[in-house]
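> Here is my input, please return the structure:
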Amino acid sequence: MSAIERHWDRLTPVSLALLPLSLVFCALVLARRLLYRAGVLRSLRIPRPVIVVGNITVGGTGKTPLIIWLAEFLRQAGYAPGIVTRGYRGKSP
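Numbers count the residues shown, from 1 in each chain. Okay, the predicted model is just below:
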């Protein structure tokens, strides 16, 4: 377990010190959602169904194996799924 993960789900002095930053982050997320709902920011619509797999938990929840299984399942059903990833350990620009 990394040093950061030790503070992830526990109430520690570090997590308490970071609480004000988490409140700022929540306010920014709320503002962004409101801008999308008001039409100031626009979403990109694509002519294909999209399945989003993700959550707030970092690592170890089985997202990657699920994506591998889902892509293979869709291939066997005759579809040509594409996988888009961003962020953590990504190699593409």
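> Which SSE is immediately downstream of the lengthiest helix in the chain?
Taking DSSP state H as the criterion, the chain has its longest helix at helix 13-38. Using DSSP states H and E, the helix or strand that follows helix 13-38 in sequence is helix 63-76.
> Setting aside sequence neighbours, what's the nearest residue to the residue positioned nearest the centre of the chain?
Against the mean C-alpha coordinate of the chain, by C-alpha atoms, centre = their mean, the closest residue is residue 54 at 4.7 Å. Leaving aside its chain neighbours, residue 54 sits nearest to residue 63 (6.4 Å; criterion: C-beta to C-beta, 6 or more residues apart in numbering). The way it works is simple: take the backbone N, C-alpha and C, and place the C-beta from them, glycine included.
> The one you found: neighbouring residues, count only.
13 (other C-beta atoms under 10 Å).
> Repeat that for residue 31.
Counted with other C-beta under 10 Å, residue 31 comes out at 9.
> Would you mind measuring from it to residue 41?
Here the criterion is C-beta to C-beta, to the nearest Å. By it, residue 31 lies 10 Å from residue 41.
> How about the secondary structure of the residue lying farthest from the centre of the chain?
Most distant from the centre of the chain: residue 78, at 27.4 Å, with distances by C-alpha atoms, centre = their mean. Judged by DSSP: H, G, I helix; E, B strand; the rest coil, the three-state class of residue 78 is coil.
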